[in-house]
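Trainee: Predicted coordinates and the sequence they were generated for:
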Amino acid sequence: MKVHFIAIGGSAMHNLAISLSKKGYQVTGSDDEIFEPSRSRLDKYGILPKYSGWNPNMITSDLDAVILGMHARNDNPELQKAKELNLKIYSYPEYLYEQTKDKTRIVIGGSHGKTTITSMIMHVLNFHEKKFDYMVGAQIEGFETMVSLTEDAPIAVFEGDEYLSSPIDPRPKFHLYQPDIALISGIAWDHINVFPTFEKYKEQFKIFVEKIEKEGCLFYYKHDENLLDIVKTTSAHIEKISYTAHAYTKHNNQTFLIDLDKEIPIKVFGEHNLQNISGAKLVCNKIGISDEGFYKAISEFKGAAKRLEVLAKNDNTAIFRDFAHSPSKLQATVKAVKDQYQQRKLIAIMELHTFSSLNASFLKEYKGTMESADIAIVYYNPEVIKHKKLDAITPDQVKNAFNKENLVVYTDQKELTDYLTHTNLMNHNLLLMSSGNFSGIDLEKFSNHLIQ
């Protein structure tokens, strides 16, 4: 098989390219910019483009497939050539389905928690040496790539993203997978640039449920009212099973799952992760993993990259990094850290970085999301707002939107780092939340500096 990637350097695209190369496919690709770690990883497998830019001469009639990344534009010269030659052009999710259409597909959707739940299921299957294909949106310990496609795995586990499929395909990615087993963790408005109203956003999950294969199964979080509405109004041709947070207890900042008369220590914490564990367990049970087998594996799960990841710690301070950027993720993450370490003060810092979070009309969605923090800080870079071609927002707008007493807003990175450098972190935890990196801070290096 000969496959060409247009915009091969993307996080998802380069992982898929590597997976196909490992499968024995002849892989080529192009891009106008490729950053680390994509560049080194593509180079390792001998599929790094020899030069930057687009080259229509790479699009030839003998290609079995062209895979189009979101980074490419509609007028991309390679895309135009592929159309002229009438080649089969796939979006990333279309190609994943094409590769797994004869397998049992498990798709994890939801506005929050989908990466973690997918990672948990992958970890459990890997622990028990089960063969499976997968796609997940973060780096997971024990897995070299974020995508794997094989000939013989009977199962495929996919994280179901609701964002657009490609520049020429505006369907949400998770509409294309047609799962046999699906899970939705909850629904909270996101991606305002694509779904300008909450109703429009919510509709995408209804469509996702309708696309579950006949006689398939949907697991869903019981206490999400928006999700309950969808479950009630969608097709009856599937089994629908609700779940809640797993029973647990805590001793000395350690969380234990309760299973009958047993307490099982786990390495993650927070109400949202206890919900995630319940959902992951149901999926694993459905595909033949016993309760005992699940608990044995999940006790070793350390979490996905950038999901309550410990950057540095000592006996009286821990510094966490989290991907939280939407209101629901932010609120759950702040509450989780405060509840787990109630004897310590919590400094929670959130960067407004995404299109939605920097949109003045969306800011009100953040009301009350940082209430659990003892010290709450919001950072944003006005230059990012200009780059995204959004209307400017002011610190006062941010303060009013979050509605948190004594909220501090920084728009200058140096002022933020100076504040942290001169703050005594004794008996404090620090939580850094962003889908970016606070305008270029090496968070791991900076965190170790703060601890020292």
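Mentor: Now that the structure is in, tell me what you want to look at.
Trainee: for the stretch 251-400 of the chain, what spans make up the strands?
Mentor: If DSSP state E, counting those that start in this stretch is used as the criterion, the strands of the stretch 251-400 of the chain fall at 254-259, 262-265, 309-313, 318-322, 345-351, 375-379.
Trainee: okay if I get these as CSV plus mean neighbour count, distance to Asn424 and mean pLDDT?
Mentor: For every residue, glycine as well, the C-beta is placed using N, CA and C. CSV is the format used below for the strands of the stretch 251-400 of the chain (neighbours: other CB atoms under 10 Å; distance: least, CB to CB, whole Å; pLDDT from 0 to 100):
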stretch, mean neighbour count, distance to Asn424, mean pLDDT
strand 254-259, 16, 26, 96
strand 262-265, 12, 31, 96
strand 309-313, 17, 16, 95
strand 318-322, 23, 14, 96
strand 345-351, 23, 10, 98
strand 375-379, 22, 12, 98
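Trainee: Quick one: closest of those strands to Ser119.
Mentor: strand 309-313 (12.1 Å; CB to CB).
Trainee: Parallel or antiparallel, which strands does the closest one pair with?
Mentor: Sheet pairing for strand 309-313, assigned by DSSP bridges, gives strand 318-322 (antiparallel).
Trainee: before we move on, the earlier item: which one of the strands of the stretch 251-400 of the chain lies nearest to Glu84?
Mentor: Nearest to Glu84 among these is strand 345-351; the distance by CB to CB comes to 43.3 Å.
Trainee: Does anything pack onto the closest one? Which helices or strands?
Mentor: Judged by 3 or more CB pairs under 8 Å, 6 or more residues apart in numbering; DSSP states H and E, strand 345-351 is in contact with helix 327-340, strand 375-379, strand 428-433.
Trainee: mind listing what that strand pairs with, with the direction of each?
Mentor: Partners of strand 345-351 in the sheet, by DSSP bridges, are strand 375-379 (parallel), strand 428-433 (parallel).
Trainee: how far off helix 327-340 does that strand point, in degrees?
Mentor: Strand 345-351 and helix 327-340 are oriented at 160 degrees to each other (axes from the mean of the first three to the mean of the last three CA atoms, to 10 degrees).
Trainee: residues in contact with strand 345-351?
Mentor: If you take CB atoms under 8 Å, 6 or more residues apart in numbering as the criterion, strand 345-351 is touched by 324-325, 330, 334, 337-338, 370, 372-380, 416, 423, 425, 427-436, 438.
Trainee: Buried ones from these, can you make that a ChimeraX selection?
Mentor: Applying 16 or more other CB atoms under 10 Å to those, the buried members can be selected in ChimeraX as follows:
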select :324,325,330,334,337,338,370,372,373,375,376,377,378,379,380,416,425,428,429,430,431,432,433,434,435,436,438
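Trainee: could I get the strands paired with strand 345-351 as JSON lines with distance to Thr255?
Mentor: As requested, those are exported to JSON lines (distance: least, CB to CB, whole Å):
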{"stretch": "strand 375-379", "distance to Thr255": "24"}
{"stretch": "strand 428-433", "distance to Thr255": "15"}
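Trainee: Which among the ones you listed is found nearest to Ala12?
Mentor: Using CB to CB, the strands paired with strand 345-351 put strand 428-433 closest to Ala12, at 22.3 Å.
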